[in-house]
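Chemist: Build me a model:
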Amino acid sequence: QLQLVESGGGLVQPGGSLRLSCAASGFTLDYSAIGWFRQAPGKEREGVSCISSSDGNTYYADSVKGRFTISRDNAKNTVYLQMNSLKPEDTAVYYCAATAPYSSSCPTTPRGFGSWGQGTQVTVSS
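Modeler: As a prediction, this is how the structure comes out:
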């Protein structure tokens, strides 16, 4: 059974940091592009970041550039999202998603991702 599980969310003060993890089971992430998305209450889902599998290219939403870093550890079958200098507007449920194996490039729409995790809550508040 293919499964993605996010972890690492929580409550953090503005300016703080969190590292989210996206662990896969039932398949290897080596050959998939992995994306992070977020959805705040009353807002549409937003693409945050993506890392391709073929060349390791990374992409970031303008709102998180310079603050968030996506990385992958294929040996651990896990992708990370390091979030620094967090702001209240980063508060959302964060989801990771994977493309089908051998679809190595980051899709331009969420529909390009076939597997999704259940999400982890990130709350930035003083």
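
Chemist: A helix includes W36, no?
Modeler: No: judged by DSSP: H, G, I helix; E, B strand; the rest coil, W36 forms no part of a helix; its state is strand.

Chemist: Report the secondary structure element holding A24.
Modeler: If you go by DSSP states H and E, A24 is part of strand 18-25.

Chemist: residues in contact with the nearest residue in space to F68 that is not next to it in sequence?
Modeler: Spatial nearest neighbour of F68, chain neighbours left out: M83 (5.1 Å); criterion: C-beta to C-beta, 6 or more residues apart in numbering. Heads up, the C-betas are built off the backbone N, CA and C, glycines and all. M83 makes contact with S17, L18, R19, L20, V64, R67, F68, D90, V122 under the criterion C-beta atoms under 8 Å, 6 or more residues apart in numbering.

Chemist: Any of those residues buried? List them.
Modeler: Neighbour-count burial (16 or more other C-beta atoms under 10 Å) applied to the contacts of M83 gives L18, L20, V64, F68, D90, V122.

Chemist: ok, G112 to R72 distance?
Modeler: From G112 across to R72, the span is 17 Å (C-beta to C-beta, to the nearest Å).

Chemist: my guess is R111 is in a helix, correct?
Modeler: Yes: with three-state DSSP as the criterion, R111 is located in a helix.

Chemist: To what extent is it buried, counted in neighbours?
Modeler: Neighbour count of R111, defined by other C-beta atoms under 10 Å: 7.

Chemist: Quick check, central residue of the protein?
Modeler: W36 (2.4 Å; C-alpha atoms, centre = their mean).

Chemist: I'd say it and V48 touch.
Modeler: Yes: counting by C-beta atoms under 8 Å, W36 touches V48, with 4.4 Å between them.
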